[in-house]
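Enquirer: Whatever this is, show me its structure:
(chains A and B)
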2 protein chains.
Amino acid sequence: MQYPEAIGRLIESFTKLPGIGPKTAVRLAFHVLDMEEDDVLTFAKSLVSAKRDIKYCTVCGHITDIDPCAICKDSHRDETVVCVVQDSRDVIAMEKMREYRGKYHVLHGAISPMEGIGPEDINVSSLLTRLQENESIQEVILATNPNIEGEATSMYLSRLLKPTGIRVTRLAHGLPVGGDLEYADEVTLSRAMEGRREL
Amino acid sequence: MQYPEAIGRLIESFTKLPGIGPKTAVRLAFHVLDMEEDDVLTFAKSLVSAKRDIKYCTVCGHITDIDPCAICKDSHRDETVVCVVQDSRDVIAMEKMREYRGKYHVLHGAISPMEGIGPEDINVSSLLTRLQENESIQEVILATNPNIEGEATSMYLSRLLKPTGIRVTRLAHGLPVGGDLEYADEVTLSRAMEGRREL
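Expert: The predicted structure is shown next:
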């Protein structure tokens, strides 16, 4: 005898989520049995509506329930700067900073020869079209992740965009604020030296 | 600007699950966006059907989609032995062993004076009724957890059941198989000495 079918199926669904193994899935499924029915219904509805209502903005590629997205539509934002990020979560992270007032472009990935992901597999062509069609854009900030794939992508984009005459910048590398110099790795430290500034 | 509403609600639902913090909830919600729509629908349906279809067996208290549950109904199982456990998950653990062929009784908790949980808050009275009504039961195996609450519960039940003349047993304490004597705690070791057997 195993689990009753209804809970067995729920455990299976939980197991498919990233980072959730069989034991955690069982714990979560039993938690659902103890939840209020209303909360379970809300959970189920939000699953379906997230999948159905959330689309990618046709302008910037950010997740949105309206098209173009709220950021692209917002006329109070600076139209002259576009910040290129790998993922929609990076947009949220930038927005939490509450300092950047420009627009975004979400690549949905990074160039990775190891995994066979080339420029044509990420949202690059729409960035080029956007830059060609919108002459007010004066700066592209490359905010891809500070790892091999992110660096490769930003290198590729900077070479691609340089000839257009648009200013291309990259987020600074250096010591994270609140960190400890002692624990910084050599590459970060060397980049921090390279990028040192006069006070 | 924060998350679009549909995904914000999903993140909130995930955060309510045990052991899932805000960052994991965001990761899971974004994973849902990348899932096939069919898989998301299956997930949502299994949530609702687990909550709606799973009931507690009126005889033993185990989770089930039919009443009485498959174990209580099974006439091939030994009706003379009842194994008392704290939780439905313990029934599954016992069943995985594939050696026990008796029936079960699920308490849905353990006596815990610290948390104000007394015998009347767990599934004890139905166990007594069951023992009175079913004269074929000859042995009650107390398989509550080997911790303070579980021990207190098993002590309480053994005192309660002794006068009825039914044999009351407790699962053995000792070294876990595959374990290392060096790392066993003193209490376990002392119980293992106490329960030593002639070879």
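Enquirer: Would you list the phi and psi of the residue nearest to the spatial centre of chain A?
Expert: Against the mean C-alpha coordinate of chain A, by CA atoms, centre = their mean, the closest residue is A:Asp87 at 1.8 Å. With angles defined as degrees, to the nearest 10, A:Asp87 sits at phi -150, psi 150.
Enquirer: Could you do the one 3 residues further on as well?
Expert: Dihedral pair for A:Asp90: phi -70, psi -30, per degrees, to the nearest 10.
Enquirer: ditto for A:Lys55
Expert: phi -120, psi 180.
Enquirer: What mean pLDDT does the helix or strand hosting A:Ala93 get?
Expert: Taking DSSP states H and E as the definition, A:Ala93 sits inside helix A:88-97. Here helix A:88-97 scores 91 as its mean pLDDT.
Enquirer: Okay, buried residues for the next helix or strand after that helix please.
Expert: Using DSSP H and E, the helix or strand that follows helix A:88-97 in sequence is strand A:103-106. Buried residues in strand A:103-106, counting neighbours by 16 or more other CB atoms under 10 Å in any protein chain shown, are found at A:Lys103, A:Tyr104, A:His105, A:Val106. In this view, the C-beta of every residue, glycine as well, is placed from N, C-alpha and C.
Enquirer: for those, which one is nearest chain B?
Expert: Distance to chain B across the buried residues of strand A:103-106 (CB to the nearest CB) is lowest for A:Tyr104, with 10.3 Å.
Enquirer: Quickly list what the closest one is bridged to.
Expert: When bridges are called by DSSP bridges, A:Tyr104 pairs up with A:Cys83.
Enquirer: Let me see the residues that make contact with the helix ranked longest in chain A.
Expert: If you go by DSSP state H, chain A has its longest helix at helix A:37-53. With contact meaning CB atoms under 8 Å, 6 or more residues apart in numbering or on different chains, helix A:37-53 is reached by A:32, A:35, A:65, B:4, B:6-7, B:9-10, B:12-13, B:16, B:29, B:32-33, B:35, B:37, B:40-41, B:43-45, B:47-48, B:51-52.
Enquirer: Just checking, which helix or strand succeeds that helix along the chain?
Expert: That would be, after helix A:37-53 and using DSSP H and E, strand A:55-56.
Enquirer: what about that following strand, distance to the chain center?
Expert: 13 Å (CA atoms, centre = their mean, to the nearest Å).
Enquirer: same for that strand, what does it pack against?
Expert: strand A:63-64 (3 or more CB pairs under 8 Å, 6 or more residues apart in numbering or on different chains; DSSP states H and E).
Enquirer: The strand it packs on - which strands sit beside it in the sheet, and in what orientation?
Expert: strand A:55-56 (antiparallel).
Enquirer: Chain A - how does it break down into domains?
Expert: Listed by automatic domain parsing, the domain ranges of chain A are A:5-53, A:76-198.
Enquirer: Can you list the neighbours in contact with the helix holding A:Ala93?
Expert: So helix A:88-97 is contacted by A:61-63, A:71, A:83, A:85, A:100, A:104, A:106, A:143, A:145, B:1-3, B:26, B:30 (CB under 8 Å, 6+ apart).
Enquirer: Of these, just say which sits nearest to A:Leu171.
Expert: A:Ala143 (5.1 Å; CB to CB).
Enquirer: correct me, but that closest one touches A:Ala172?
Expert: No. Between A:Ala143 and A:Ala172 there is no contact under CB atoms under 8 Å: 10.7 Å.
Enquirer: more neighbours, those two?
Expert: The neighbour count for A:Ala143 versus A:Ala172, taken as other CB atoms under 10 Å in any protein chain shown, is higher for A:Ala143 (22 against 11).
Enquirer: in stretch A:126-139, what's buried?
Expert: Quick answer for stretch A:126-139 (16+ other CB under 10 Å): A:Ser126, A:Leu127, A:Arg130, A:Leu131, A:Ile137.
Enquirer: Mean pLDDT per helix and strand in chain A: which one sits at the bottom?
Expert: Least confident helix or strand of chain A, by mean pLDDT, DSSP states H and E, is helix A:186-194 with a mean of 88.
Enquirer: buried set for that one?
Expert: Buried, per 16+ other CB under 10 Å, within helix A:186-194: A:Thr188, A:Arg191, A:Ala192.
Enquirer: For the last one, list the residues it contacts.
Expert: Same thing as A:Ala192. Counted by CB under 8 Å, 6+ apart, A:Ala192 has contacts A:His173, A:Gly174, A:Leu175, A:Ala184.
Enquirer: How much space separates A:Gly178 from chain B?
Expert: Distance of A:Gly178 to chain B, given as CB to the nearest CB, to the nearest Å: 18 Å.
Enquirer: hang on, I meant A:Val85
Expert: A:Val85 is 14 Å from chain B, by CB to the nearest CB.
Enquirer: swap in A:Tyr156?
Expert: Counting by CB to the nearest CB, the gap from A:Tyr156 to chain B is 24 Å.
Enquirer: That residue - how many residues pack around it?
Expert: 18.
Enquirer: now swap in the one 5 residues further on and tell me
Expert: Neighbourhood size, A:Leu161 [other CB under 10 Å]: 18.
Enquirer: excluding its backbone neighbours, what's nearest it?
Expert: Leaving aside its chain neighbours, A:Leu161 sits nearest to A:Val168 (5.0 Å; criterion: CB to CB, 6 or more residues apart in numbering or on different chains).
Enquirer: contacting residues around the helix or strand the one you found falls within?
Expert: Assigned by DSSP H and E, A:Val168 falls within strand A:167-170. Strand A:167-170 is contacted from outside by A:Gln138, A:Glu139, A:Val140, A:Ile141, A:Leu142, A:Ser154, A:Leu157, A:Ser158, A:Leu161, A:Lys162, using CB under 8 Å, 6+ apart.
Enquirer: can you rerun that using 7 Å?
Expert: A:Gln138, A:Glu139, A:Val140, A:Ile141, A:Leu142, A:Ser154, A:Ser158, A:Leu161, A:Lys162 (CB atoms under 7 Å, 6 or more residues apart in numbering or on different chains).
Enquirer: need the contact list for the fourth one.
Expert: Meaning A:Ile141. A:Val81, A:Cys83, A:Val84, A:Thr169, A:Leu171.
Enquirer: got the phi/psi numbers for it?
Expert: The phi/psi pair for A:Ile141 (degrees, to the nearest 10) is phi -100, psi 120.
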